[in-house]
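# Next comes the sequence, and after it the predicted model I'd like to discuss.
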Amino acid sequence: MNTKNEKTVDDRLKHIAFIMDGNGRWAKKRGMPRSFGHKHGAKAFRNVVEYCGKIGIKHVTVYAFSTENWGRPQGEIDSIIELLDKYIDECAQNMEKYDVRLRFIGDMTPFDDKLKAKIKSIEEMTKDKSLILDVALNYGGRAEIVNACNRLIKEGKTNITEDDISRTLYTAGAPDPDLIVRTAGEMRLSNFLMWQSAYSEFYFTDTLWPDMGPADVDLAVEEFYKRKRRFGKVL
Ligand code: IPE
Ligand code: IPE
Ligand code: MG
């Protein structure tokens, strides 16, 4: 484990994305409601983001709520949104401690005006911070691509390029994730960053998200540096 908090990554690993999975199972193991798992998941999220900053990662994306997660019980949905709302408040009140450029990717239209305003305000307040933290909220990779195509149609395009799609995605301008980490043993993308993950490395761990911490991030980073990224070429 990188206990000295030294920078351990270089330009090969600029962007890590996390599919934060397993909060429900973590709670179930303890005989607690799923919301309890999300609460502890939110703690792990703070720890992991802080640690990524310490080791020199420049860009972190987390999958917080998918377009499919609306199919969950309303109480659980509310508990997840409340935790995010609380995180935004804490970030606003303690910008030194959190030290992130907070941005949201996804379709924000279903959220109430208060939350939308908070999101806008925190994005503006933190825009000069160097560690980018993109929170995928009401995010779906397919919806994102469809939205990009509709924007291009509105622009009057009749023939589109890969660059056109990239620049109209929610993630426009961001580097593609070098490494995607998914916790809780599931080995799938679940509609996360489908376009952007074309050449990402994947790391899966059985660790449930609320148990995720620096030691697990170190393992993922270590594994990443063992991979040979060929991007279709011959090395
Ligand atoms: C991830 O944990 C959090 C969200 C999807 C919001 P889950 O809630 O999916 O936990 P499991 O997969 O049911 O254990
Ligand atoms: C993916 O996890 C979504 C988030 C982590 C926000 P899910 O728990 O929703 O994914 P599935 O249902 O196991 O594919
Ligand atoms: Mg899950």
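Now that the structure is in, tell me what you want to look at. Numbering: from 1, shown residues only. Ligands and ions are numbered 1, 2, ... in the order given.

# If we ignore the residues flanking it in sequence, what's nearest His40?
Leaving aside its chain neighbours, His40 sits nearest to Pro210 (3.8 Å; criterion: Cβ to Cβ, 6 or more residues apart in numbering). To be clear about C-beta, it is placed using only N, CA and C from the backbone, and glycine gets the same treatment.

# quick one, what contacts the one you found?
Counting by Cβ atoms under 8 Å, 6 or more residues apart in numbering, Pro210 touches Gly22, Asn23, Trp26, Gly37, His40, Gly41, Lys43, Ala44.

# Return the residues in contact with the closest residue to ligand 2 within the chain.
Ligand 2 sits closest to Ser190 of the chain, with a gap of 3.6 Å, by Cβ to the nearest ligand atom. Each residue near Ser190 by Cβ under 8 Å, 6+ apart is listed here: Ile19, Asp21, Tyr63, Ser66, Glu68.

# Next one: it, what pLDDT does it get?
What the model reports as pLDDT for Ser190 is 98.

# Got the phi and psi for it?
Torsion angles at Ser190 (phi, psi; degrees, to the nearest 10) stand at phi 50, psi 50.

# From here on, call the first residue 31.
Renumbered: residue one is now 31, and that last one reads Ser220.

# Centroid-nearest residue for the protein?
For the chain, Val92 is the residue whose C-alpha lies nearest the centre (Cα atoms, centre = their mean; 1.4 Å).

# Let me know whether it touches Ala166 as I believe.
Yes - contact criterion Cβ atoms under 8 Å: Val92 and Ala166 qualify, at 6.6 Å.

# picking that back up, what subset of the contacts of Pro240 is buried?
Buried positions within the contacts of Pro240, assessed by neighbour count (16 or more other Cβ atoms under 10 Å), are Gly52, Asn53, Trp56, Gly67, His70, Gly71, Ala74.
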